[in-house]
Every structure is written in structure tokens, then in C-alpha cells.
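Colleague: please find the sequence and the predicted model below.
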Amino acid sequence: MNTINKTTVRIAVGLASTLFIGYCVYFDRRRRADPDYKKKVREQRRRNRKNADRNGIPNLSDHEAIERYFLQEIQWGETLIARGEFENGVGHLANAIIVCGQPGRLLEMLQMSLPSQVFAMLILKMQELGNRAQAEINDAPKIVKVKSIESADNLNEISCGQSAS
């Protein structure tokens, strides 16, 4: 009488799993029916986009996100280079170097482990990224402070801190 037969156990497990799945479906429908659900999803996506830079670089104040990004980019770079996709692999390694705390040491390790042609591609990619960043800095609008404007008539003559004459 103390032994429970297999049929009873199967029925109990089936009933428990059916109840669990039913609860999951109920909860999901209730969550989606919430009027604020879409608003919350949009806000979460907006926050995620705000935290990520245009290049996909995470928020630099979040150490864990940077570490995950660094490891992910290294892994992708190594995988792509092993497949023979050197350009894509070098791009991922360059992204990892950008967020690395000690890029010099990482470059030394990569120089020892990568073929010389691939390492040369990596150096060229880093130079290209540096040139692009410098160009973005140079193209950024300059903020010019005007020390004083003597009258409202002078306001029309001033364009970026210079007189129109």
C-alpha cells in the first residue's frame, strides 16, 4: 500500500506540468494586456539604445558591460579569423582594443598570436578608427562664447562670434 505505482506518478507529473503551463499562459496574457506594457517595453529599449554608443560600445561607466563586450568582441574576432574572415575578425578585435584598459599589452599578445598580415590589418584598422574619431572631433560644431553684446542691434551682426562686416 505504501508504494505508489508508476501510473499515479505520471498522472501527477502531467497534471503539475499542465497547471504550470496554464499559469504561464495566463500570466503572459495578463502581462500583455496591461496598458502600460508597450510603454514599458519602449522605455526599456530606449534606455538600452541610450546606453549603447553608435558603434555598439556599451556605457563606459558600467564596468561589467564593458567586460562582457570586451570578451564577446575578442571571441568573435578569434572565431572569424579562424574561419578566414580576416576583415570582420580584425574589426571585432579593434573594438575590443578600444575598450581595453591596457591596449598596449593586448596588442603585444595579439602580435605574438596573430599572423603578421592579420596583425598589420589590425594596425591599419586602428589607424582608420583613430582618423575617423579625429575627423568627428574636428567636424563637431564649435561653441563660441560672446563676451558681451552692447545692444540688441549688434545681435543681428554677429555670426559665430564674428561681425558680418
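Modeller: On my side now, so go ahead.
Colleague: in this protein, what helix or strand scores lowest on average pLDDT?
Modeller: strand 158-159 (a mean of 38; mean pLDDT, DSSP states H and E).
Colleague: may I ask you to name the longest helix in this protein?
Modeller: Looking across the chain with DSSP state H, the single longest helix is helix 6-33.
Colleague: the helix or strand that that one is followed by versus helix 6-33: what angle between them?
Modeller: For helix 6-33, the succeeding helix or strand toward the C-terminus, using DSSP states H and E, is helix 37-51. An angle of 80 degrees separates the directions of helix 37-51 and helix 6-33 when computed by axes from the mean of the first three to the mean of the last three Cα atoms, to 10 degrees.
Colleague: next one: helix 37-51 to chain centre, how far?
Modeller: Mean-position distance between helix 37-51 and its chain equals 15 Å (Cα atoms, centre = their mean, to the nearest Å).
Colleague: tell me which residues in whatever helix or strand comes next after it are buried?
Modeller: In the C-terminal direction, the helix or strand that comes right after helix 37-51 (DSSP H and E) is helix 63-83. Buried positions in helix 63-83, judged by neighbour count with 16 or more other Cβ atoms under 10 Å: Ala65, Ile66, Tyr69, Phe70, Glu73, Ile74, Trp76, Gly77, Glu78, Leu80, Ile81. Where C-beta positions appear, they are placed from N, C-alpha and C, glycine not excepted.
Colleague: need the residues you listed in TSV (columns: pLDDT and distance to Gly101).
Modeller: As requested, the buried residues of helix 63-83 are exported to TSV (pLDDT from 0 to 100; distance: Cβ to Cβ, whole Å):
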residue	pLDDT	distance to Gly101
Ala65	84	14
Ile66	86	9
Tyr69	88	13
Phe70	90	9
Glu73	91	14
Ile74	92	13
Trp76	92	19
Gly77	92	17
Glu78	91	19
Leu80	92	23
Ile81	92	23
